[in-house]
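Novice: test case, fold it:
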Amino acid sequence: MKLLEEFVQLVGIDPLLESGGSYELGFFSPGKVKGRYLGIWYTFSTETVVWVANRERPLDGSSGVLKVTDQGVLVLLSSSNGTVWSSNSSRTAGNPVLQLLDSGNLVVKDGDETNPDNFLWQSFDYPCDTRLPDMKLGWNLVTGLDRYISSWRSTEDPAQGKFSLRMDTHGFPQIFIMKGAKTLTRAGTWNGVELTGYQGRPNPVAVFEFVMTKDEVYYEYTLLNKSTFARYVLNPYGIAQWFTWTDHSRSWEPFLSTQADQCENYAFCGANARCNVSNTPVCSCLKGFVPKSPNDWNSTNWSEGCVRETPLVCSSSDGFVKNSNFKLPDTSSSWYDKSMSLKKCQGICLGNCSCSAYANLDVREGGSGCLLWFGNLNDSREFTSDSQDLYIRLAASELDPIVRKNKFSKKKLAGILIGLSGFLVGMLIVGFILYKRKIKLRNQGARRKLDCRKED
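Specialist: Below is the predicted model:
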């Protein structure tokens, strides 16, 4: 690993720093752009830039100064000594140095400091369009630092584009892809195993972790095989894609992407509806709900969503219907408790007139924790494989037909089983009688033959 101390004069020197492994720090000009940017890329794929410092303001020429100040601030100066870009630091250091780690993280630290919590500044806190392994996506709740991914403006302009991938901490934390302030798609919430929006889509190269404490909340991944290379990129068109490096072809191969189908568009079916790509049409109202605008709904305009067929009266007679294999709804207006049982969770929801649904917070080991929804249920999706259960509140009059239907189905099934059992028993009895009769006739025939021989 190389360390940069004090400053270095830039006269087209590439790279400035090497991690000693897979990353380099240097200057590049994307496409036909004449300006120069300070960035980090792979040593084996130099055109794949994973981080840019001065993404909003390129250097006009090849000359400049990269400097680490006595306060531990990294500064990029132009040839006229103007500040093009700088980092920030709320702490001072006795011996500030710049180091590019093997992870691709560019850090300013005090001397030989190795604890990331004590770094004066690090590029992993200010990502661009690429998520690397061990990079946190989320919030430092103490300092208010929001670590999010933002697209390039275009393939030749690394300035911040229209799209971002970020964690929202309103209610139970969840991950969105945004276009400005508009939500495009929602990866869902963490259920202890995976994000509920990606159920049934295993990632073959990475393992994920969701961390939530009083000080921070974030989502990160590590590679299953340290000898492989993978990255998660939000492109200028708002599509997030996974890529893995293939030595054989010497190229990056995509293997997963967001917005793979129409059900990944946020609230595609409107409020209180579910989306299922295996159904035709893909949108249907949740149990106990009907289209808000039937004419639009029948014309495949589902944006108005669904409303309750029978309004809640907020009484103890209300109940819940179980919906299985669900991507849980948007949790922006939710409440959660990590240790509460599902039974107590149901009771709390029933006791709050605004509560519309509940579910387990964590599905591991039979389920634990409580997650409550208030108001409309947005962006629900139904999967074909086993996933998470959602219990939706209904008025007693809406719940009774469902209960009666379930009871009728159970009675019908029981009747079929009893009838089938009776039929099988009857067949066995008839078979046994026929068998005994056959044996009797055979014995009678044998006796006749014996009598005839005696007469001869």
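Novice: ok, now how distant is residue 381 from residue 227?
Specialist: Distance, residue 381 to residue 227, using CB to CB, to the nearest Å: 35 Å. Where C-beta positions appear, they are placed from N, C-alpha and C, glycine not excepted.
Novice: mind jotting down where the helices sit in the stretch 1-150 of the chain?
Specialist: For the stretch 1-150 of the chain, helices defined by DSSP state H, counting those that start in this stretch do not occur.
Novice: give me the low-pLDDT residue ranges for it?
Specialist: The model of the stretch 1-150 of the chain has pLDDT under 70 over residues 1-20, 62.
Novice: of residue 381 and residue 227, who's got more company?
Specialist: Comparing residue 381 with residue 227 by other CB atoms under 10 Å, the one with more neighbours is residue 381, at 25 against 5.
Novice: can you tell me, leaving aside adjacent residues, what's nearest to that one?
Specialist: residue 327 (3.7 Å; CB to CB, 6 or more residues apart in numbering).
Novice: hmm, residue 196 and residue 189 touching each other?
Specialist: Yes. The criterion here is CB atoms under 8 Å, and residue 189 meets it with residue 196 at 5.6 Å.
Novice: what sits against the residue nearest to residue 35 when sequence neighbours are not counted?
Specialist: Excluding the flanking residues, the one nearest residue 35 by CB to CB, 6+ apart is residue 58, at 2.7 Å. Applying CB atoms under 8 Å, 6 or more residues apart in numbering, one finds that residue 58 lies in contact with 33, 35, 36, 37, 84.
Novice: just give me the neighbour total for the last one.
Specialist: Look at residue 84: counted by other CB under 10 Å, it has 21 neighbours.
Novice: cool, and the fourth one?
Specialist: Number of residues near residue 37 (other CB under 10 Å) recorded here: 24.
Novice: tell me what it is bridged to.
Specialist: residue 28 (DSSP bridges).
Novice: now do the same contact list for it.
Specialist: Shown in contact with residue 37 (CB under 8 Å, 6+ apart): 27, 28, 29, 30, 49, 52, 53, 54, 55, 58, 59, 158.
Novice: mind telling me what element the nearest residue to residue 314 once chain neighbours are set aside is part of?
Specialist: Excluding the flanking residues, the one nearest residue 314 by CB to CB, 6+ apart is residue 353, at 3.9 Å. Using DSSP states H and E, residue 353 sits in no helix or strand.
Novice: quick one: residue 353 and residue 67, what's the gap?
Specialist: Residue 353 is 61 Å from residue 67, by CB to CB.
Novice: helices along the stretch 251-400 of the chain, start to end?
Specialist: Under DSSP H, counting those that start in this stretch, the stretch 251-400 of the chain gives helices at 294-298, 342-350, 396-455.
Novice: re the thing from before, now do the shared contacts for residue 189 and residue 196.
Specialist: Residues touching both residue 189 and residue 196 (CB under 8 Å, 6+ apart) are residue 328.
Novice: rewinding a little: any idea how far the residue nearest to residue 35 lies from residue 34?
Specialist: Applying CB to CB to residue 58 and residue 34 gives a distance of 8 Å.
Novice: ok, now residue 293?
Specialist: Counting by CB to CB - residue 293 and residue 34 are separated by 54 Å.
Novice: again, but for residue 136
Specialist: If you measure residue 136 against residue 34 using CB to CB, the figure is 35 Å.
Novice: of those two, which one has the most company?
Specialist: More crowded of residue 136 and residue 34, by other CB under 10 Å: residue 136, with 21 against 9.
Novice: distance check, that one against residue 272.
Specialist: 34 Å.
Novice: next one: residue 328
Specialist: Distance from residue 328 to residue 272, by CB to CB: 14 Å.
Novice: before we move on, back to that, pLDDT at the residue nearest to residue 381, what is it?
Specialist: Residue 327 carries a pLDDT score of 92 in this model.
Novice: thought it was touching residue 191?
Specialist: No. With contact defined as CB under 8 Å, residue 327 does not count as touching residue 191 (10.0 Å).
Novice: near residue 145, how many other residues are there?
Specialist: So residue 145, with other CB under 10 Å, has 13 neighbours.
Novice: for residue 31, same thing?
Specialist: Neighbour count of residue 31, defined by other CB under 10 Å: 8.
Novice: nearest residue to it other than its sequence neighbours?
Specialist: Nearest one to residue 31, counting by CB to CB, 6+ apart, is residue 156 at 3.5 Å.
Novice: could I get the contacting residues of the one you found?
Specialist: Residue 156 is in contact with 30, 31, 32, 33, counting by CB under 8 Å, 6+ apart.
Novice: pull the most distant pair out of those residues.
Specialist: By the measure CB to CB, these have their two most distant members at 30 and 32, which lie 8.4 Å apart.
Novice: now the residue nearest to residue 381: how far from residue 246?
Specialist: For residue 327 relative to residue 246 (CB to CB), the value is 31 Å.
Novice: out of those two, which sits in the busier spot?
Specialist: Comparing residue 327 with residue 246 by other CB under 10 Å, the one with more neighbours is residue 327, at 25 against 12.
Novice: against residue 383, how distant is the more buried one?
Specialist: Taking CB to CB, one finds residue 327 at 7 Å from residue 383.
Novice: joint contacts of those two?
Specialist: Shared contacts of residue 327 and residue 383 (CB under 8 Å, 6+ apart): residue 199.
Novice: extract the CA atoms of the longest strand seen in the chain and return them as PDB.
Specialist: Criterion DSSP state E: the longest strand present in the chain is strand 157-168. C-alpha atoms of strand 157-168 as PDB (Å, rounded to 0.1, in the frame of the first residue of the first chain):
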ATOM      1  CA  ASP A 157     -20.400  13.000 -17.200                       C
ATOM      2  CA  PRO A 158     -19.800  11.800 -13.600                       C
ATOM      3  CA  ALA A 159     -21.700  14.700 -12.100                       C
ATOM      4  CA  GLN A 160     -24.600  13.600  -9.900                       C
ATOM      5  CA  GLY A 161     -27.500  12.500 -12.100                       C
ATOM      6  CA  LYS A 162     -31.300  12.300 -11.500                       C
ATOM      7  CA  PHE A 163     -31.400   8.900  -9.800                       C
ATOM      8  CA  SER A 164     -30.400   7.800  -6.300                       C
ATOM      9  CA  LEU A 165     -30.500   4.600  -4.300                       C
ATOM     10  CA  ARG A 166     -31.000   5.400  -0.600                       C
ATOM     11  CA  MET A 167     -32.400   4.200   2.700                       C
ATOM     12  CA  ASP A 168     -35.500   5.800   4.100                       C
END
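Novice: which other helices and strands contact it?
Specialist: strand 137-140, strand 149-154, strand 174-179, strand 216-223, strand 230-234 (3 or more CB pairs under 8 Å, 6 or more residues apart in numbering; DSSP states H and E).
Novice: these: which one's closest to residue 370?
Specialist: Here strand 174-179 is closest among the helices and strands packed on strand 157-168 (CB to CB), at 16.5 Å.
Novice: what is the closest one packed up against?
Specialist: Using 3+ CB pairs under 8 Å, 6+ apart: strand 174-179 touches strand 157-168, strand 182-188.
Novice: buried residues of the first one, list them for me.
Specialist: Going back to what we said before, that points to strand 157-168. Using 16 or more other CB atoms under 10 Å as the test for burial, strand 157-168 gives 157, 158, 159, 160, 161, 163, 164, 165, 166, 167, 168.
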